[in-house]
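**Q** Pasting a predicted model and its sequence here:
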Amino acid sequence: MKARYLLAWILVSLFALSACDSGTRMSEKGFRLPDGDAQAGREAFLYMQCNQCHTIKGEELPAIPGQEPPYVELGGPVTKVKTYGELVTAIINPTHELARGYAEKVVSEDGESKMYIYNQHMTVQELVDIVMFLQPYYDVVVPHYRYMIYP
């Protein structure tokens, strides 16, 4: 009986602590920009010369003369859904979460992305259009796990 009260007290305490906000984090929920136009997103992607550093798995993009890899490939198989919010964040705050395996040429010495910050040059409409353009290129695949069978 005493153990039940202790367990209930712990659960209530954890719930109460999870509701506390330290004031340093921004909300991860409740924010959604409107849907964009994929064709306009492709045009904005090219206009802003995102193809200078990015390729898109399954999409033919015009080459930019004089540009050589390293290219950061977007799209393709992923093991979790690339959400709308993750794509928006990747564009407006590219250092937020760098994918593993990025070439050293695209990451600065202090571990930050060398991607140009477009926040002062991109409209919200261009942002949502680019997200709408990119999202369908990600294919969610089930990861292959190898399970050990013990006798």
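**A** Nice, thanks for sending it over.
**Q** need the contact list for the residue nearest the centre of the chain.
**A** Among the residues of the chain, the one closest to the centroid is E86, at 3.5 Å (C-alpha atoms, centre = their mean). Contact analysis of E86 by C-beta atoms under 8 Å, 6 or more residues apart in numbering lists E97. For glycine as for every other residue, the C-beta is placed from the backbone atoms N, C-alpha and C.
**Q** What of the one 4 residues further on?
**A** With contact taken as C-beta under 8 Å, 6+ apart, A90 is in contact with 96-97.
**Q** what do you get if the cut-off is 6 Å, keeping everything else the same?
**A** Neighbouring residues of A90 by C-beta atoms under 6 Å, 6 or more residues apart in numbering: there are none.
**Q** Check K82 too.
**A** K82 makes contact with Y138, according to C-beta under 6 Å, 6+ apart.
**Q** and it, backbone torsions?
**A** Dihedral pair for K82: phi -80, psi 100, per degrees, to the nearest 10.
**Q** Quick check: nearest residue in space to V131, chain neighbours excluded?
**A** Once flanking residues are discounted, V131 sits nearest to L87: 4.6 Å by C-beta to C-beta, 6 or more residues apart in numbering.
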